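Trainee: okay, predicted coordinates and the sequence, questions at the end:
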Amino acid sequence: MSTERGLSDRSMTNKEAKNNIKILAANSHPELANLICKKLNLPLSNIEAIKFENNESAIVVQDSVRDEDVYIIQTGCGGYDNLNDYLMELLLMIHACTQASARSITAVIPNFPYARQDRKDKSRVPISAKLIANLLTTAGCNHVITMDLHASQIQGFFSIPVDNLYAEPNVLKWIKDNYKNTDEVMMVSPDAGGAKRVASLADKLDTQFALIHKERAKANEVSRMVLVGDVKDKSCILVDDMADTCGTLCKASDILLAEGAKEVIAIVTHGIFSGNAIERLNKSSLKKIICTNSMPLGEHVSQCPILEILDISPTLAEAIRRLHNGESISYLFNYVAV
């Protein structure tokens, strides 16, 4: 099969579907799992994921996975309790498939949990992202597919292959569809860590970019922000990998408008939206916030009129198809799957 055609021309045929593949999903994001299966023209395998009254999780894989290539879709989302429950579900599912003689097990984790705890930045703290990598490998995972890791070097924590996909092609398409004249656009990074991501987008759009330097008094609390760049009369697009409490995005929007920006739009890959994030967004000066569906956002869409969703299920589905068929995944770094 040609590697230059879109997924719409290459959803899995009946022959491919019978060729030793199973798609599993637990409780974190069933909507995304169903969208991926629809793109692949495959059924979602039956599992039972329950939680006992003593808070123990239990998994039963109800379909045979013997000698199958298994893809488990489970994103890192929810509050403290749910996030850890979903992580435990994923580990138990991997181990269950290992015990059931699956040929290979790939964890599809659009939002990698604990990704922000990727280094030892103070004394006596764990490198939690490394621990998650060890747990996945020990459970029996053979491959990981994720998207827009908070730090790309997290891939080095694994002794198994990791494919870090990017939302950038979808972001570029959205910008080009909504701004015919990119000379009016200014790409903005809300912090120094995202400068490389924003510079790449600006180069491909042939436009300028600015940077906001932020200082934190403590985690999730920004104390001071300074703009580097001229945004006067520009449509500013803030780009980040995740939006958690949304304090950074809201303050950045205020600063950009105070410096003469015409409008401010935010584009993020992972919409965590914890605490009173939605309330902040509704009160903010942002014209719109664009977010992928790597996280379940159903109730947030109805609560936040400025929130718009980008569907990344075609990208994840195409990554699964390419991996299963032994094709290159790097195609997806530059092109939008359809």
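Mentor: Noted; the coordinates are in hand.

Trainee: switch to C-alpha atoms for all contacts and neighbour counts from now on
Mentor: Will do.

Trainee: tell me where the chain has strands.
Mentor: 21-25, 47-51, 57-61, 69-73, 104-109, 143-147, 162-165, 185-189, 208-218, 221-228, 235-243, 263-271, 288-292, 307-310 (DSSP state E).

Trainee: tell me which of these sits most buried.
Mentor: Sort the strands of the chain by mean neighbour count, taking mean count of other C-alpha atoms under 10 Å, and strand 185-189 sits at the top with a mean of 28.

Trainee: show me the contacts for Val188.
Mentor: Val188 is in contact with 198, 209-212, 236-239, counting by C-alpha atoms under 8 Å, 6 or more residues apart in numbering.

Trainee: my bad, Leu24
Mentor: 33, 44-47, 70-73.

Trainee: list the beta-bridge partners for it.
Mentor: In this entry, Leu24 is beta-bridged to Ile72, by DSSP bridges.

Trainee: now it: how far from Leu211?
Mentor: Counting by C-alpha to C-alpha, to the nearest Å, the gap from Leu24 to Leu211 is 41 Å.

Trainee: again with Tyr71
Mentor: Tyr71 is 38 Å from Leu211, by C-alpha to C-alpha.

Trainee: got the domain ranges for this structure?
Mentor: Domain assignment of the chain by automatic domain parsing yields the ranges 7-166+313-333, 168-310.

Trainee: just the helices in the stretch 1-150 of the chain please.
Mentor: Taking DSSP state H, counting those that start in this stretch as the test, the helices found in the stretch 1-150 of the chain are 14-17, 30-40, 80-99, 128-139.

Trainee: quick check: closest non-adjacent residue to Ala115.
Mentor: The shortest distance from Ala115 to any non-neighbouring residue, by C-alpha to C-alpha, 6 or more residues apart in numbering, is to Ala129 (5.3 Å).

Trainee: check Ala195 too.
Mentor: Spatially, and ignoring its direct neighbours in sequence, Ala195 is nearest to Ser189 (5.6 Å; C-alpha to C-alpha, 6+ apart).

Trainee: is it true that that neighbour touches Leu211?
Mentor: Yes: between Ser189 and Leu211 there is a contact under C-alpha atoms under 8 Å: 4.9 Å.

Trainee: common neighbours of the two, please.
Mentor: Both Ser189 and Leu211 are in contact with Ala195, where contact means C-alpha under 8 Å, 6+ apart.

Trainee: show me the contacts for Asp244.
Mentor: Shown in contact with Asp244 (C-alpha under 8 Å, 6+ apart): 271-274, 277.
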